[in-house]
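[1] Sequence plus predicted model, see below.
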Amino acid sequence: MKTPVSSIFLVLLASVIGSFGAVFLKLGAERLRYGLRHALNAKLVTGILLYIGSSIPFIMGIRNGELSVLYPMVSLGYVCAMVWSRLFFKEPITPGKIGALVMIIAGIVSISAGR
Amino acid sequence: MSPVTALPPTEVKRSNKPIFLVAASTGFAAAAQIMMKFGAGHPMPKIDLAHPATIIALALAILTNAPLFFGYSMNAGMAVLLILALKDGQLSILYPIISLSYVWVNLLSMYFFHEHMNLFKAIGIALIIGGVGLLGKVSSRE
């Protein structure tokens, strides 16, 4: 079974959308520090919608192709999230974080290969 | 102003609580995936937009499909824990922890769907747990 390029593209797209969803969830979640009455703010809702929305290209993508190839593509979202964290929240990118990310991505690749 | 008070609250707090919240949320995520797999096995009526009754039939089928309904509820639970964690924790540390759900899904699938463990899966699970552990260390140091 071969994995179509369109499936790879859809899963990568879903991962990037999901990583933006996480950015908006973080922006919205920080408002909760001022009390739970801020629970329903536009940023949090945007984050949730992006998260739900990301499942659409993901499901379309995994319909055709090998899951052992497609599942590790989700890792792009973790890399993106780390870059966005640096850009939007000034979080430092440290050797420890990079090492952990490499381990996690290698783990996902290995699990997917074992399926 | 001292350098400590100048830091944003995210970097002042060194609690591991957000990490445990995300780790717990991956339990919900894994349970949701298992439930949805069970739910996907239920027969679903086809929808035909020309006949509104078929849309109602599909909505009813989803609402009365208990595993699917619980699956969605678990996903909502996951979102709540993730949001509570992101309130105080660093996104770059918390987001990759979601990968723990791969570990739970693989272990739960052995029980529920009689999938077998193999060397690749075992190494993968060990690497993910090691990576998440490293993130835990990073968050208590930085």
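    Everything's here; your move. Numbers count the residues shown, from 1 in each chain, chains lettered A, B, ... in the order given.
[2] okay, and for chain B, where does confidence drop off?
    Where chain B drops to pLDDT under 70, the residues are B:1-14, B:142.
[3] near chain B, anything from the host helix or strand of A:Ala22?
    Using DSSP states H and E, A:Ala22 sits within helix A:5-30. Yes - using Cβ under 8 Å from any Cβ of the partner chain, helix A:5-30 comes into contact with chain B via A:19, A:22-23, A:25-26, A:28-30. Every C-beta, even on glycine, is put in place using the N, C-alpha and C of the backbone.
[4] Mind listing what's buried along the helix or strand that B:Val132 is a member of?
    Assessed by DSSP H and E, B:Val132 sits inside helix B:119-141. Within helix B:119-141, the residues that count as buried by 16 or more other Cβ atoms under 10 Å in any protein chain shown are B:120-121, B:123-125, B:127-132, B:134-136, B:138-139.
[5] same question, stretch A:78-88
    A:78-82, A:84-85.
[6] anything in that stretch near chain B?
    Yes - with Cβ under 8 Å from any Cβ as the criterion, chain B is reached by stretch A:78-88 at A:78, A:81-82, A:84-86.
[7] mind saving the C-alpha coords of the lowest-mean-pLDDT helix or strand in chain A as PDB?
    Here the helix or strand of chain A ranked lowest by mean pLDDT, DSSP states H and E is helix A:67-70, holding a mean of 85. What follows is helix A:67-70 as a C-alpha-only set of coordinates in PDB (Å, rounded to 0.1, in the frame of the first residue of the first chain):
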ATOM      1  CA  LEU A  67      -0.800   4.800   9.200                       C
ATOM      2  CA  SER A  68       2.900   4.000  10.000                       C
ATOM      3  CA  VAL A  69       3.800   6.800   7.600                       C
ATOM      4  CA  LEU A  70       1.000   9.200   8.500                       C
END
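[8] which helices and strands does that helix pack with?
    Counting contacts by 3 or more Cβ pairs under 8 Å, 6 or more residues apart in numbering or on different chains; DSSP states H and E, helix A:67-70 packs against helix A:5-30, helix A:95-114.
[9] Downstream of the longest one, the next helix or strand is which one?
    Following the chain from helix A:5-30 toward its C-terminal end, the next helix or strand by DSSP H and E is helix A:42-62.
[10] which residues sit against that next one?
    Helix A:42-62 is contacted from outside by A:6-11, A:13-15, A:17-18, A:20-29, A:31, A:70-71, B:79, B:83, using Cβ atoms under 8 Å, 6 or more residues apart in numbering or on different chains.
[11] List only those of those flagged as buried.
    For the contacts of helix A:42-62, buried by 16+ other Cβ under 10 Å: A:7, A:10-11, A:13-15, A:17-18, A:20-29, A:31, A:70-71, B:79, B:83.
[12] what ranges do the helices span in chain B?
    B:3-6, B:9-12, B:17-40, B:52-63, B:66-88, B:91-94, B:100-112, B:119-141 (DSSP state H).
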